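Student: give me a 3D structure for the following:
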Amino acid sequence: MYRSRVLKKFNESEVIKPLCFGILVGALAGITSVFYRYLIHLTDNLRKYVYGLEPLYLLFSVLIFIAIGTLAAKLLKWAPFSGGSGIPQIKAELEGQIEMKAERVIVSKLAGGSLLNIVGFSLGREGPSIQTGGMVGKLCAKLFKLKDEDVKMLISAGAAAGLSAAFNAPIAGVMFCVEELHKEVSHRILVPTIAATTVANSVSYLLMGNERSFSFRVDEILPLKYIWVAVIIGIATGIIGMLFNRGILKSQNIWNRAEISMETKMQILVVMGMFMGILFFPVTGGGHGLVENFAKGQYEIKILIAFLILKMMYTVVAYGSGAQGGIFLPVLVLGAIVGSCVYQLLDQNIFDVYLINFIILGMVGILSAVVRAPILAIILVLEMTGNFSVMLMLAVVSIVALVTAELLNCPPIYDSLYDRIVSKL
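Tutor: The predicted structure is shown next:
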């Protein structure tokens, strides 16, 4: 009898309650993330329209863009922790270093990120989806007046759900929570997180359709005798990841030393963004369409290298400013470019049918180097592309890229950004 009461109490406190809250947070975070995806889709189309206007009308658009930059800056002042991807801020909140105002962060992230996407900032929607998901979890916890430890539990579950809905990758959402936010496995965290990511992914399927993030898939698997290809791509992405991480931090330093107001900073950036949109439109926005084009083998090596340089520089400058937007998707684009470059340099008579393998290897390698979360990188790309037949190659490129970045003394980007947030408190 005593054992039965103990088990019942355990089930209610350790399983049922977190499970129910996980389902609720997953549904709400999923809806928020899908709404943001829809806004990004709309503003992507609007950006194509704007940059296709006649020069006279395009000149008039400068005034609108400056107004957009000013509004985004005012939102950043209104919600100070809503800049960037939001992932370091989520980590800081979980560790009790900061206290974000959930409602303000959600509004600033959705509105600011969408408006800046019209200009074409090279920033992604995934980090913001993670932060808004976490803030949805915080709102739910406050609504039900939960304890501090339960608040953190729902913030974690909401953040994972945001990633799940953004990429249609529920397992990657769980791994993000474990590998990036907490860096440990906890039963208390896993139950609501798994529930939240599953429900969020279901919401995404219901509202946006049962589609993977990328349409391409592996039809021909790269044979194991070419394992050295994974090593080469791992080294290359490790180097590019190191340059990217250092570029982000250097960009932040330059913007901070400028000692100008946030409004002026955003106004300068939107004008720069407009020039990028006019001269180099393919590198604007997150870059989803660019990766799809890489998969078709449309570009020669010279064009790919130009894309690599421009995309990296634009992302570094935009993110370093503190604008609302993430780096997950731009980083994956850089990885796809590196993989495509390696493919172009090799004998096409041998590797002609293996292009998609190179692109996937590049995406996993760069994410491992930049974030230093190899399992997350592998699972995320597998779920995004629906290809589960290249696991060994992905493991090799992930480890090689990680080790390369470590040897180059390049810390994980989110850890560096977290340290900077905490140092300013």
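Student: who are the contact partners of the residue nearest the centre of the chain?
Tutor: The C-alpha lying nearest the average C-alpha coordinate of the chain belongs to Phe328 (C-alpha atoms, centre = their mean; 2.8 Å). By C-beta atoms under 8 Å, 6 or more residues apart in numbering, the contact set of Phe328 is Ser85, Gly124, Glu126, Gly127, Leu367. In this view, the C-beta of every residue, glycine as well, is placed from N, C-alpha and C.
Student: distance of it relative to Thr193?
Tutor: Applying C-beta to C-beta, to the nearest Å, the value for Phe328 to Thr193 is 18 Å.
Student: got it, and Ser340?
Tutor: 34 Å.
Student: who has more neighbours out of these two?
Tutor: Thr193 (33 against 26; other C-beta atoms under 10 Å).
Student: so what's the predicted local confidence for the more buried one?
Tutor: Looking at Thr193, its pLDDT is 90.
Student: let me see the contact set for it.
Tutor: Taking C-beta under 8 Å, 6+ apart as the test, what Thr193 contacts is Gly22, Ser156, Ala157, Ala160, Ala161, Gly173, Val174, Cys177.
Student: and for Val174?
Tutor: Neighbour list for Val174: Ala160, Leu190, Thr193, Ile194, Thr197 [criterion: C-beta under 8 Å, 6+ apart].
Student: quick one: which of those residues is most hemmed in?
Tutor: Ala160 (35 neighbours).
Student: shouldn't it be within a helix?
Tutor: Yes. Remark: Ala160 belongs to a helix, assigned using DSSP: H, G, I helix; E, B strand; the rest coil.
Student: got the contact list for the helix or strand Gly289 falls within?
Tutor: Applying DSSP states H and E as the criterion places Gly289 in helix 288-294. The contact list for helix 288-294, computed with C-beta under 8 Å, 6+ apart, reads 213-216, 282-283, 299, 304, 307, 311, 329, 332-333, 336-337, 340, 359.
Student: so which bits of it are buried?
Tutor: His288, Leu290, Val291, Phe294 (16 or more other C-beta atoms under 10 Å).
Student: and the two most separated of those?
Tutor: Using C-beta to C-beta, the two most remote members of the buried residues of helix 288-294 are His288 and Phe294, lying 11.0 Å apart.
Student: which residues touch Ala27?
Tutor: Val199, Ala200, Val203.
Student: highest neighbour count among the residues you listed?
Tutor: Ala200 (36 neighbours).
Student: that one contacts Ala165, doesn't it?
Tutor: Yes. At 4.3 Å, Ala200 counts as touching Ala165 under the criterion of C-beta atoms under 8 Å.
Student: any shared contact partners between the two?
Tutor: Shared contacts of Ala200 and Ala165 (C-beta under 8 Å, 6+ apart): Ala29, Gly30, Ser33, Gly133.
Student: now the biggest helix by length in the chain: buried residues?
Tutor: Counting residues, the longest helix found in the chain (DSSP state H) is helix 17-50. For helix 17-50, the neighbour count (16+ other C-beta under 10 Å) marks 17-19, 21-37, 39-40, 43-44, 47, 50 as buried.
Student: repeat for stretch 345-363
Tutor: Neighbour counts over stretch 345-363 (16+ other C-beta under 10 Å) mark Phe351, Tyr354, Leu355, Ile356, Asn357, Phe358, Ile359, Ile360, Leu361, Gly362, Met363 as buried.
Student: neighbours around Leu304, how many?
Tutor: Using other C-beta under 10 Å, Leu304 has 21 neighbouring residues.
Student: which strand or helix spans it?
Tutor: Using DSSP H and E, the element containing Leu304 is helix 301-320.
Student: before we move on, the earlier item: which of the contacts of helix 288-294 are buried?
Tutor: With burial judged by 16+ other C-beta under 10 Å, the buried subset of these is 213-214, 216, 283, 299, 304, 307, 311, 329, 332-333, 336-337, 340, 359.
Student: just to revisit the earlier point, Gly137: which of the contacts of Thr193 is nearest?
Tutor: Ala157 (5.6 Å).
Student: follow-up on the earlier one: now tabulate the contacts of Thr193 in TSV and tack on pLDDT and distance to Lys145.
Tutor: Below are the contacts of Thr193 laid out as TSV (pLDDT from 0 to 100; distance: C-beta to C-beta, whole Å):
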residue	pLDDT	distance to Lys145
Gly22	91	18
Ser156	93	19
Ala157	93	17
Ala160	94	23
Ala161	94	21
Gly173	87	26
Val174	89	27
Cys177	86	24
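Student: looking at those, which is nearest Ile66?
Tutor: Nearest to Ile66 among these is Ala161, at 35.6 Å by C-beta to C-beta.
Student: surely the closest one touches Ile23?
Tutor: No. Ala161 lies out of contact with Ile23 (C-beta under 8 Å); the separation is 10.1 Å.
Student: C-alpha coordinates for stretch 335-352, PDB please?
Tutor: Output of stretch 335-352 as PDB, limited to C-alpha atoms (Å, rounded to 0.1, in the frame of the first residue of the first chain):
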ATOM      1  CA  GLY A 335      28.600  24.900 -44.800                       C
ATOM      2  CA  ALA A 336      26.700  24.100 -48.000                       C
ATOM      3  CA  ILE A 337      29.000  26.400 -49.900                       C
ATOM      4  CA  VAL A 338      32.200  24.800 -48.500                       C
ATOM      5  CA  GLY A 339      30.800  21.300 -49.400                       C
ATOM      6  CA  SER A 340      30.000  22.600 -52.900                       C
ATOM      7  CA  CYS A 341      33.500  24.100 -53.300                       C
ATOM      8  CA  VAL A 342      35.200  20.800 -52.400                       C
ATOM      9  CA  TYR A 343      32.900  19.000 -54.800                       C
ATOM     10  CA  GLN A 344      33.800  21.300 -57.600                       C
ATOM     11  CA  LEU A 345      37.600  20.800 -57.000                       C
ATOM     12  CA  LEU A 346      37.400  17.000 -57.300                       C
ATOM     13  CA  ASP A 347      37.100  14.800 -60.400                       C
ATOM     14  CA  GLN A 348      33.500  15.100 -61.700                       C
ATOM     15  CA  ASN A 349      33.800  11.800 -63.500                       C
ATOM     16  CA  ILE A 350      34.000  10.100 -60.100                       C
ATOM     17  CA  PHE A 351      31.900  12.300 -57.900                       C
ATOM     18  CA  ASP A 352      29.200  13.600 -60.300                       C
END
